[in-house]
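J.: Fold the following and give me the result.
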Amino acid sequence: MVELTRRRAIEDVASDLFRDRGYAGTSIRDIARALSLQGASLYAHVTSKEDVLWAIVERAAARFEAAAAASEREAEARRPGDAVEALSALVRAHVDVLTADVDEASVFVHEWRSLGPERRATILERRDAYQHRFRTHIEEGMGVGAFALTDPSIAAMTILSALNGVAAWYDPAGRLPAHRIADHLVDLTMRMLEAPR
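T.: Modelled structure (predicted):
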């Protein structure tokens with residue numbers, strides 16, 4: 001249990017440093033210094049800087065996936081087969097994960113490409129599956145006339161790019177709480193996709 005706590009402390013400090021300085025601009029010594037450890041002592045808990053990044057990215061990916069799956073189940077229970085409801089729920093779930101731990105989310109959004117080829121390929125595959133959720137609901141909405149005809153892949157990537165921007169500017173002490181930011185982003189997403197009347 002102590003080892004898990006220490007490992008999580010390392011990952012939390014690394015998330016903060018990776019967000020501020022980038023993965024390439026942060027050394028193992030920087031992480032150790034922030035934890036008041038000797039660099040060599042840190043290696044008793046982690047095998048490499050990339051392993052720390054992998055742990056952060058993998059945990060964030062799992063959070064996004066779990067939140068998306070839960071939001072789709074809840075949307076289906078509220079309004080079965082409603083693409084607008086499902087996409088709105090996905091947008092809200094995405095923002096919830098981004099704002100719950102902005103350091104971790106920022107590292108996930110911006111630093112996953114720093115992983116080695118095998119791990120990067122794994123995250124890319126998971127990212128594609130995640131984007132597919134958005135694309136599917138956009139296609140369904142277009143099919144029933146709720147959304148304007150457009151390229152659903154481009155629409156999904158545009159929406160996710162805008163949402164991921166929250167990781168760069170969100171401040172928990174800012175003017176709006178996270179749920180209000182989510183409200184605005186759901187509204188903007190729906191306006192962007194809205195079919196002409």
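J.: per-residue confidence averaged over whichever helix in the chain runs longest?
T.: When the chain is parsed with DSSP state H, its longest helix is helix 49-78. Averaged across helix 49-78, the pLDDT comes to 96.
J.: How about stretch 171-190?
T.: Averaging pLDDT residue by residue across stretch 171-190 gives 95.
J.: now the strands for the chain?
T.: For the chain, applying DSSP state E gives no strands.
J.: Point out where it drops to low pLDDT.
T.: 1-4, 38-41, 44, 196-197 (pLDDT under 70).
J.: E85 against A75, yeah?
T.: Yes. Here E85 reaches A75: they are 4.6 Å apart, a contact under Cβ atoms under 8 Å. All C-beta atoms are positioned from the backbone trio N, CA, C, and that covers glycine.
J.: Comparing these two, which residue is more hemmed in?
T.: Here E85 and A75 are compared on neighbour count by other Cβ atoms under 10 Å; more neighbours surround A75, at 23 against 20.
J.: how about the nearest residue to that one, chain neighbours excluded?
T.: A89 (4.0 Å; Cβ to Cβ, 6 or more residues apart in numbering).
J.: Contacts only, for R7.
T.: 45-46, 55 (Cβ atoms under 8 Å, 6 or more residues apart in numbering).
J.: Check A105 too.
T.: 60, 97-99, 167.
J.: swap the cut-off to 10 Å and go again
T.: For A105, the contact set (Cβ atoms under 10 Å, 6 or more residues apart in numbering) comprises 15, 19, 56, 60, 63-64, 94-95, 97-99, 164, 166-167, 170.
J.: That one and F64, how far apart?
T.: 8 Å (Cβ to Cβ, to the nearest Å).
J.: so what's in contact with the two at the same time?
T.: Residues touching both A105 and F64 (Cβ under 10 Å, 6+ apart) are 94, 97-98.
J.: Give me the buried positions along stretch 112-127.
T.: By 16 or more other Cβ atoms under 10 Å, the buried positions in stretch 112-127 come out as 112, 114-115, 119, 122-123, 126.
J.: Just put these in JSON lines and tack on distance to D151.
T.: Output for the buried residues of stretch 112-127, formatted as JSON lines (distance: Cβ to Cβ, whole Å):
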{"residue": "W112", "distance to D151": "25"}
{"residue": "S114", "distance to D151": "30"}
{"residue": "L115", "distance to D151": "29"}
{"residue": "R119", "distance to D151": "30"}
{"residue": "T122", "distance to D151": "27"}
{"residue": "I123", "distance to D151": "24"}
{"residue": "R126", "distance to D151": "22"}
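J.: rewinding a little: isn't the residue nearest to A75 right up against A70?
T.: Yes. A89 lies in contact with A70 (Cβ atoms under 10 Å); the separation is 8.9 Å.
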